[in-house]
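K.L.:
okay, structure incoming, though there's no sequence with it:
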């Protein structure tokens, strides 16, 4: 069985969004009856777990990222092909670490000065970089996104603010 492809984004010294890694996952753990392709982990994100959820955890907010500090969102997006009403998304940036998992079709990830095509089974770790999405195929591309609140480290925040990339 092939390893999962992992695409990791980052920033060039001038703040442009770039691909810093595009390769099979670096760590695979084989256990009896299962194989773990380790994609990414972070040291923080602490949501208190109650016996049951306190109300409905989704909202109709038009916000792309999590509503609260330290929050997260999981969503499934169907990107339609251009021939079926689909369009390239605007370039955008969120102050989040995003995990995007392609579960159907293929989708182009467009960064400041590069792009790559993700196919079924590929995973992108989107690290607060400016980006857009475009389905250039003839089929719907379905992607699961998990967005987790993050903070730009001060040196990067200064670069991004100087480049006037953050609105």
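P.N.:
Yep, that arrived. The model shown is predicted, which means the values in this text are computed figures rather than measured ones. Numbering: from 1, shown residues only.
K.L.:
can we go C-alpha only for contacts and neighbour counts from here?
P.N.:
Will do.
K.L.:
surely residue 8 meets residue 122?
P.N.:
No: counting by Cα atoms under 8 Å, residue 8 does not reach residue 122; the two are 11.1 Å apart.
K.L.:
who's sitting farthest from the centroid in the chain?
P.N.:
residue 32 (30.5 Å; Cα atoms, centre = their mean).
K.L.:
who's in contact with it?
P.N.:
Listed by Cα atoms under 8 Å, 6 or more residues apart in numbering, the contact set of residue 32 is empty.
K.L.:
likewise for residue 21?
P.N.:
6, 7, 8, 9 are the contacts of residue 21 under Cα under 8 Å, 6+ apart.
K.L.:
what helix or strand does the residue nearest the centre of the chain sit in?
P.N.:
Computing the C-alpha centroid of the chain and ranking residues by Cα atoms, centre = their mean puts residue 98 first, at 3.3 Å. Applying DSSP states H and E as the criterion places residue 98 in strand 96-104.
K.L.:
just the strands in the chain please.
P.N.:
Per DSSP state E, the chain has strands spanning 5-11, 17-24, 27-31, 34-38, 72-79, 96-104, 106-110, 115-119, 123-127, 132-134, 141-149. These are given in chain order.
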